[in-house]
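J.: sequence and computational prediction follow.
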Amino acid sequence: MRIRESEFASQIEEYDRVLYLCHRNADPDAIGSAFALCQAFGGTLGVADDISRLGRSVANAIGAEVVLNPDPEKFDLVVIVDASVPLQLGSIRPAKYAQIDHHQDRDLSLGAAFYIQRPANSTAEIVWSIIRKIGAAVSREMALGLLAGIIADTGRFRRGTIESFRAVAEILETANVSYEEAQAVLSSPTEFSQRIAVLKAASRTHIEHNDPWIVVTSEVNAFEGPSAMALVEMGADAAFVAGRHNNATRISARASREATRAGLNLADLLSEVAASMGGEGGGHKGAAAMEARNDPDTLLALCLEKALQRLRELS
Ligand SMILES: [Mn+2]
């Protein structure tokens, strides 16, 4: 059941023990959003599998207690935060759940007891609108977490909308925190292993072009997302980076602003490729991921072909 943001408080009141569950590799948006909800309504902050480097940095800065791989059975309700497909929850399959999310895939919302899912730059903006509506007290830590989520998910405002800027202004006005502090939370230096992975991805890049579009693929063992993002920053319109994880291949994809504006939708593209291979995928137009059992070469070739075909149709 889809609910309005103003209805969240009355819905959540019905449950005693609530788990706010973030997706795998939980990022600042997931952590900041789930933390603010825990503070406003009471509950436990959980993460499927593991937390990302920046997610950890935010959790440390706001003093969030994070439970890794919590047992959903121990709660009356699980609220899935910032995730839209079951794959993002690792092996956690809550029997009863709600959802607050800004992605476009409907996989999880269809089975939710109640949910708020709408397009926004970040889940933090949706959470801010829930909290603002009930007039809950906003601590410095809640504000820092939400700001970090918005700053991170808007790509430091490169994709900022009126709603993002308004939310940031309102949060700064409400809580005793400065924009500079929120930025500092996100500026921990990039880990050695990530820099190595990104550089390896760049050196192994396979390049295909069809003027004006450039599509690239690569393979690394970790940090597929940051690698794909780096390849787009270097000039690619679409970058697909594969990595093997146990028996599965994970692919992270990023697209340039020009390509998404022209109509390229990576969430659709990866969910199509995943579906044809018995895997799962989704995300946003400009940033998406998938996982399947096939080898990286097969999946990357499919992604490359589909992206080039789609871009050809668009131009
Ligand atoms: Mn998000």
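T.: Structure's in. What do you need?
J.: from here on, just use CA atoms for contacts and neighbour counts.
T.: Fine.
J.: which residue ranges of this protein form strands?
T.: For the chain, the strands defined by DSSP state E occupy 18-22, 44-47, 67-68, 77-81, 97-101, 114-117, 206-210, 213-219, 238-245, 248-255, 280-283, 287-292.
J.: make TSV out of those and add mean pLDDT and distance to Ser188.
T.: Formatted as TSV, those follow (pLDDT from 0 to 100; distance: least, Cα to Cα, whole Å):
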stretch	mean pLDDT	distance to Ser188
strand 18-22	98	21
strand 44-47	98	21
strand 67-68	97	22
strand 77-81	98	24
strand 97-101	98	26
strand 114-117	98	30
strand 206-210	96	31
strand 213-219	98	26
strand 238-245	97	24
strand 248-255	97	23
strand 280-283	92	25
strand 287-292	95	22
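J.: buried deepest among these, which one?
T.: Of the strands of the chain, the one with the most neighbours on average (mean count of other Cα atoms under 10 Å) is strand 18-22, at a mean of 28.
J.: looking at the strands of the chain, which is closest to the ion?
T.: The ion lies closest to strand 97-101 among the strands of the chain, at 7.4 Å (Cα to the ion).
J.: neighbours of the residue nearest to Glu5 when sequence neighbours are not counted, how many?
T.: Spatial nearest neighbour of Glu5, excluding adjacent residues (Cα to Cα, 6 or more residues apart in numbering): Ile130 at 5.1 Å. Using other Cα atoms under 10 Å, Ile130 has 21 neighbouring residues.
J.: please report how far Ile130 lies from Ala124.
T.: Distance, Ile130 to Ala124, by Cα to Cα, to the nearest Å: 10 Å.
J.: Trp213 too?
T.: The gap separating Trp213 from Ala124 is 33 Å, by Cα to Cα.
J.: now stretch 220-236: average pLDDT?
T.: Stretch 220-236 comes out with an average pLDDT of 96.
J.: got a list of contacts for stretch 36-51?
T.: Contacting residues not belonging to stretch 36-51 are listed as 9, 12, 17-27, 34-35, 64-70, 88-92, 127, 131, 136-138, 142-143, 145-146 [Cα atoms under 8 Å, 6 or more residues apart in numbering].
J.: can we see that at 6 Å?
T.: With Cα atoms under 6 Å, 6 or more residues apart in numbering as the contact definition, stretch 36-51 has outside contacts at 18-26, 66-70, 89-90, 142.
J.: so what pairs up with Ser252 in the strands?
T.: Taking DSSP bridges as the rule, Ser252 bridges to Val241, Ala289.
J.: longest helix of this protein, counting residues only.
T.: helix 296-314 (DSSP state H).
J.: report the buried residues of that helix.
T.: For helix 296-314, a neighbour-count test (16 or more other Cα atoms under 10 Å) marks Pro296, Leu299, Leu300, Cys303, Leu304, Lys306, Ala307, Leu308, Leu311 as buried.
J.: with pLDDT and distance to Asp153 as extra columns, can I get the residues you listed in CSV?
T.: As requested, the buried residues of helix 296-314 are exported to CSV (pLDDT from 0 to 100; distance: Cα to Cα, whole Å):
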residue, pLDDT, distance to Asp153
Pro296, 97, 27
Leu299, 97, 27
Leu300, 98, 26
Cys303, 98, 24
Leu304, 98, 26
Lys306, 97, 26
Ala307, 97, 24
Leu308, 97, 27
Leu311, 96, 25
